[in-house]
Every structure is written in C-alpha cells, then in structure tokens.
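*Asks:* prediction below, plus the sequence it came from.
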Amino acid sequence: MVNKKEKLKEKMGEILPTLQITLLSNHEAVVEGCENIMELEEDRIRLQCKGLQVLFRGTDLQLCSLTEDTATVQGTIVGVEYS
C-alpha cells in the first residue's frame, strides 16, 4: 500500500516541473530540465529551465553538450544562481 507521503510526492511531481543539476567538482555541471539558452559568455551561462533560470558564473565556461532537455556546462564554475 502506498503511504500518504509517497502519494503527495507523486502529485507534486505532476504539478511542479523537474530540474536536476549534478555538479562534478567545480569543472562540470549536468542540467536536466533545460529548455533554452538565454546567455552564453565565457564567464557566464544562463539557462532557462523548467520553472526558473539558472546562471553559472566562472571562467572558460562552455556549453559542451545540449540535448532535448539536458545541457552540460564545463569550465571553472565559481557560482550557481537561481531566479
């Protein structure tokens, strides 16, 4: 039998969009739930994700991979901001 907490998590997953960011040290970030590239500079990359924007700050930043909903940022990442 599924408990109330699991049912609530399931319902929230249907309502709220899913965004997952996996940081590999400070040199790579894999962003699942990416919808669009808003800004692409060597010192910052801004991505439109499901429900919010994510800004990566750093040096030598590159968007190395982009699929239908996943982006991979590489370089030296010094900060991540959500808005």
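*Replies:* Happy to help now that I have it.
*Asks:* am I right that residue 55 falls within a strand?
*Replies:* Yes: counting by DSSP: H, G, I helix; E, B strand; the rest coil, residue 55 is located in a strand.
*Asks:* tell me which element the closest residue to residue 56 other than its chain neighbours is part of?
*Replies:* Spatial nearest neighbour of residue 56, chain neighbours left out: residue 45 (4.7 Å); criterion: Cβ to Cβ, 6 or more residues apart in numbering. Glycine gets a C-beta too; all of them are placed from N, C-alpha and C. Using DSSP states H and E, residue 45 falls within strand 44-49.
*Asks:* that strand: how far from the chain's middle?
*Replies:* 8 Å (Cα atoms, centre = their mean, to the nearest Å).
*Asks:* and it, what's buried?
*Replies:* For strand 44-49, a neighbour-count test (16 or more other Cβ atoms under 10 Å) marks 45, 46, 47, 49 as buried.
*Asks:* could you measure from the first one over to residue 24?
*Replies:* Counting by Cβ to Cβ, to the nearest Å, the separation of residue 45 from residue 24 is 16 Å.
*Asks:* what separates the residue most central in space within the chain from residue 68, distance-wise?
*Replies:* Nearest to the geometric centre of the chain sits residue 31, at 3.4 Å (Cα atoms, centre = their mean). Distance, residue 31 to residue 68, using Cβ to Cβ: 13 Å.
*Asks:* what do you get for residue 51?
*Replies:* Residue 51 is 17 Å from residue 68, by Cβ to Cβ.
*Asks:* these two - which one has more neighbours?
*Replies:* residue 51 (12 against 6; other Cβ atoms under 10 Å).
*Asks:* just confirm that one contacts residue 19, I think it does.
*Replies:* Yes: shown here, residue 51 and residue 19 form a contact pair, counting by Cβ atoms under 8 Å, at 6.5 Å.
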